[in-house]
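# heads up, no residue letters with this:
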């Protein structure tokens, strides 16, 4: 049945090439023969597919031509393509660029911060000035503990707030220390542990905040001026590298410190002070600075915490001129400075033995 | 050229329906950058962009030829939507689809046309394979007769058959072979 002739009929019928008469015969045949009808429908699918294939192939060829034209035409289309490719570029690389930009920003800011930090560090090297009064928290705590352990006894003893050093400048009971030590104090005592503990109450008689000097006067009636101010005063400026030493109370017992003049100017180029290389600690404030001969050349005031071994001392010249400038009528009695150095020929340990009775541990009490 | 560019969609569609090749070329060149951008941004290559775009243009072109075809959106949106859909399919095949594509244009969903486009795609694919398998001279004979509408006499002359009956006989044999190859492939799909 599936012969070429028959298929020609199918073909011609599907293509609509049969005459009226032929078509009616064929349609009659289709009705009688379902196999033929099936044959026809598969033929139609085949033809449709073939047509589709043909059309698409041809169309595709045309489109390829357009595509080539477009690729060649770089003037108008190229610009449009560019617009998109720029977008693609941004889309693809934006995350990377964002990361790179962040890194750059962080680096720049980081650098600036670091530089700023270094610069401020430089500033701090000058500005890190520390006063050397000793805050006595530990004592406070201990005393409070004692007080609470013995509840019957009322805690009469007020804790010491600060401890520092002071030294006698006149045998009639004048002691000098730093202004910052006694600033705001409600009572000040000086202690000396020579043979036995002697403890005197002192009163501030004159202070100069600017030069950080305070003159104290022993007010204790028990005090008799038996001691002799045995060191000398040096008004002439000390030389660079000159060996110097100090005695002070960075702890409860006297501590000797030795060094030399490192600079003729003090903190931030202050010409009223020396920079000295003596290990000093809180509590050394107000200690005397003496040269090898036992002449007072200054008074310890503070140190630079950011620089190793940079302490500062007020020059004795300014100390003396301050004492000189005190109006006489504001003092209970004149400051009797001794002009003689009794220790200049002694060796260092002997000098110190002579001097230590003149150096006091200043204890400052603050009202709560 | 520029006046063609400014043509409203209706005119352009009418031109396409008439089979105006210039209009087709215009349309083709107009929207390719958009699709290239889309495909490139969604892990595709330029070649893939070209293939997808051409498929979409073919679908549009075929649809425009139909009398019942009605465009409910702009041509640009239509092309973009078709390409988007085709590309999603392709990505799924390559299992490169991660659940989301980057969109740059508005698009419309194709629900109704989906099955139809699919069916045509399969038909085309199977027929192309069948034609390749068929080999020469059958392929040329069938293409000339059914696609290029050559007469049997023209084919007889072109292929050097002694008479039209011989050619006809040959064509019949070729058609039967194509039928066999095509339907075996078509059923497998």
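Arrived safely. Source: prediction; values computed, not measured. Numbers count the residues shown, from 1 in each chain, chains lettered A, B, ... in the order given.

# Model confidence score at residue A:339, please.
Model confidence at residue A:339, expressed as pLDDT, equals 69.

# And the next helix or strand past the host helix or strand of residue A:101?
In the assignment (DSSP states H and E), residue A:101 maps to helix A:76-127. Under the assignment DSSP H and E, the closest C-terminal helix or strand after helix A:76-127 is strand A:129-131.

# What is the neighbour count of whichever residue of the stretch 251-368 of chain A sits closest to chain B?
Chain B sits closest to residue A:306 of the stretch 251-368 of chain A, with a gap of 57.0 Å, by C-beta to the nearest C-beta. For the C-beta atoms, the positions are set from N, CA and C on the backbone; glycine is no exception. A count of nearby residues for residue A:306, using other C-beta atoms under 10 Å in any protein chain shown, gives 16.

# Got the phi and psi for it?
phi -90, psi -10 (degrees, to the nearest 10).

# Tell me where chain B has strands.
Using DSSP state E, the strands of chain B do not appear at all; there are none.

# Tell me which residue in it sits closest to chain A.
Proximity to chain A, evaluated over chain B using C-beta to the nearest C-beta, is greatest for residue B:147 at 3.2 Å.

# contacting residues for the closest residue to that residue other than its chain neighbours?
On the basis of C-beta to C-beta, 6 or more residues apart in numbering or on different chains, the spatially nearest residue to residue B:147 that is not a chain neighbour turns out to be residue A:54, at 3.2 Å. Neighbouring residues of residue A:54 by C-beta atoms under 8 Å, 6 or more residues apart in numbering or on different chains: B:143, B:146-148.

# Specify the local secondary structure of residue A:54.
Per DSSP: H, G, I helix; E, B strand; the rest coil, the secondary structure class of residue A:54 is helix.

# Helices along chain B, start to end?
Counting by DSSP state H, the segments of chain B that form helices are B:2-5, B:9-17, B:21-41, B:46-65, B:75-93, B:112-134, B:138-142, B:152-159, B:164-188.

# Pick out the residue closest to the middle of chain A.
Centroid check for chain A by C-alpha atoms, centre = their mean gives residue A:117 as the closest residue, at 7.3 Å.

# Now for residue 181, how many residues are close by?
Just so you know, I chose chain A. 27.

# I was thinking of chain B, sorry if that wasn't clear
18.

# For it, which non-adjacent residue is spatially closest?
The shortest distance from residue B:181 to any residue that is not its chain neighbour, by C-beta to C-beta, 6+ apart, is 4.4 Å, and that residue is residue B:130.

# contacting residues around that neighbour?
Residue B:130 sits next to B:178, B:181-182, B:185 when contact means C-beta under 8 Å, 6+ apart.

# Going by neighbour count, which of those residues comes out on top?
Ranked by neighbour count under the definition other C-beta under 10 Å, these are headed by residue B:182 with 24 neighbours.

# Against residue B:118, how distant is it?
18 Å (C-beta to C-beta, to the nearest Å).

# low-confidence ranges in chain B?
Counting by pLDDT under 70, the low-confidence segments of chain B come to B:1-7, B:95-101, B:109-114, B:188-189.

# Give me the below-cutoff pLDDT ranges for chain A.
By pLDDT under 70, the weakly predicted segments of chain A are A:1-4, A:73-89, A:91-92, A:120-127, A:137-159, A:195, A:339, A:368.

# Tell me where the longest strand sits in it.
As far as residue count goes, and with DSSP E defining each element, the longest strand of chain A is strand A:197-208.

# middle-most residue in chain B, spatially?
Residue closest to chain B centre, computed by C-alpha atoms, centre = their mean, is residue B:58 at 4.0 Å.

# Please identify the helix or strand for residue A:163.
In this structure, residue A:163 is located in strand A:162-170 according to DSSP H and E.

# What helices and strands are in contact with that strand?
In terms of contact count using 3 or more C-beta pairs under 8 Å, 6 or more residues apart in numbering or on different chains; DSSP states H and E, strand A:162-170 is assigned the packing partners strand A:134-135, strand A:174-177, helix A:179-182, strand A:359-365.

# Partner strands of the second one and their direction?
Spelled out, it's strand A:174-177. Strand A:174-177 pairs in its sheet with strand A:162-170 (antiparallel), strand A:213-218 (antiparallel), by DSSP bridges.

# Also the first one?
According to DSSP bridges, strand A:134-135 forms sheet pairs with strand A:162-170 (antiparallel).

# swap in the longest one?
In the sheet, strand A:359-365 lines up against strand A:162-170 (antiparallel), strand A:187-193 (antiparallel) (DSSP bridges).

# Tell me the buried residues in it?
By 16 or more other C-beta atoms under 10 Å in any protein chain shown, the buried positions in strand A:359-365 come out as A:359-364.

# wait, which of those is closest to residue A:18?
The shortest separation between residue A:18 and any of these is 130.9 Å, and it belongs to residue A:364 (by C-beta to C-beta).

# is the closest one in a bridge, and if so with what?
residue A:162, residue A:188.

# State whether it and residue A:164 are indeed in contact, as I suppose.
Yes - taking contact to mean C-beta atoms under 8 Å, the distance of 7.2 Å between residue A:364 and residue A:164 places them in contact.

# Residues that sit against both of those two, list them.
Each of A:133, A:181 lies in contact with both residue A:364 and residue A:164 under the rule C-beta under 8 Å, 6+ apart.

# related to what we said a few turns ago, excluding residues flanking it in the chain, which one is nearest the residue of the stretch 251-368 of chain A closest to chain B?
residue A:128 (3.9 Å).

# what residues are up against that neighbour?
Residues counted as contacts of residue A:128 (C-beta under 8 Å, 6+ apart) are A:304-307.

# hmm, back to that, for residue A:291, state which of the buried residues of strand A:359-365 is nearest.
For the buried residues of strand A:359-365, the nearest to residue A:291 is residue A:359 (15.9 Å; C-beta to C-beta).

# Counting neighbours, what do you get for residue A:34?
Per other C-beta under 10 Å, the neighbour tally for residue A:34 reads 9.

# Next, find the distance separating it from residue A:40.
Between residue A:34 and residue A:40 the distance, using C-beta to C-beta, works out to 10 Å.

# Please parse chain A into its domains.
In terms of domains, chain A is parsed into A:6-61, A:163-365 (source: the TED database).

# so which of those domains is the most packed in?
By mean neighbour count, with neighbours taken as mean count of other C-beta atoms under 10 Å in any protein chain shown, domain A:163-365 ranks first of these at a mean of 19.

# Alright, calling it a day.
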